[in-house]
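Participant: Please work out how this folds:
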Amino acid sequence: MTIVCVDDHSVMLKGTKRSVEQILPDASIVAFTNAGEALAFVKENGCDVLICEIELCGTDGLTLAKKVKKLNPKVNIIFLTVCDEREHAKEVLKIRPSGYLVKPANKEQLALELSGLRYSTCAL
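Facilitator: The predicted structure is shown next:
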């Protein structure tokens, strides 16, 4: 299973990646602070799960999620964000994410979201 984590705050990104590594030690986990680099990776390699901040510098996480969803309609998307859900509710619902967590989320909350993915993957 390939999991792509995207957050423009490097400290949060490192924490998310570390938590996912502990939750799913057999997964391939890559992390990006830039949506463009993340999208290029997904185009080249694909991904099963996208864990993404909504408010990114440059391309926002909603736009990134839509582009990744076009590449793979069965990608699992989990928004891990500082955004209040009401701010982006209509756009988030259109994407049909597998999960939505408000920062700071702990490892147990992330594990719960990863255990309830919308689309099954082999490694879970």
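
Participant: For the protein, which segments count as helices?
Facilitator: Assignment of helices within the chain using DSSP state H yields the ranges 10-23, 35-45, 61-71, 85-95, 107-115.

Participant: Comparing those helices by mean pLDDT, which bottoms out?
Facilitator: When the helices of the chain are ranked by mean pLDDT, helix 85-95 comes last with a mean of 74.

Participant: Which strands and helices lie in contact with it?
Facilitator: In terms of contacts (3 or more C-beta pairs under 8 Å, 6 or more residues apart in numbering; DSSP states H and E), helix 85-95 is packed against helix 61-71, strand 99-102. Just so you know, the C-beta spots here come from the backbone N, C-alpha and C atoms, and that holds for glycine as well.

Participant: That one vs helix 61-71, what angle?
Facilitator: On the basis of axes from the mean of the first three to the mean of the last three C-alpha atoms, to 10 degrees, helix 85-95 is oriented at 10 degrees to helix 61-71.

Participant: ok, what's across the strand from the residue sitting nearest the centre point of the chain?
Facilitator: By C-alpha atoms, centre = their mean, the chain has its centre lying nearest to residue 51, at 1.1 Å. Beta-bridge pairing of residue 51 under DSSP bridges involves residue 5, residue 78.

Participant: Can you tell me how far it is from residue 33?
Facilitator: 13 Å (C-beta to C-beta, to the nearest Å).
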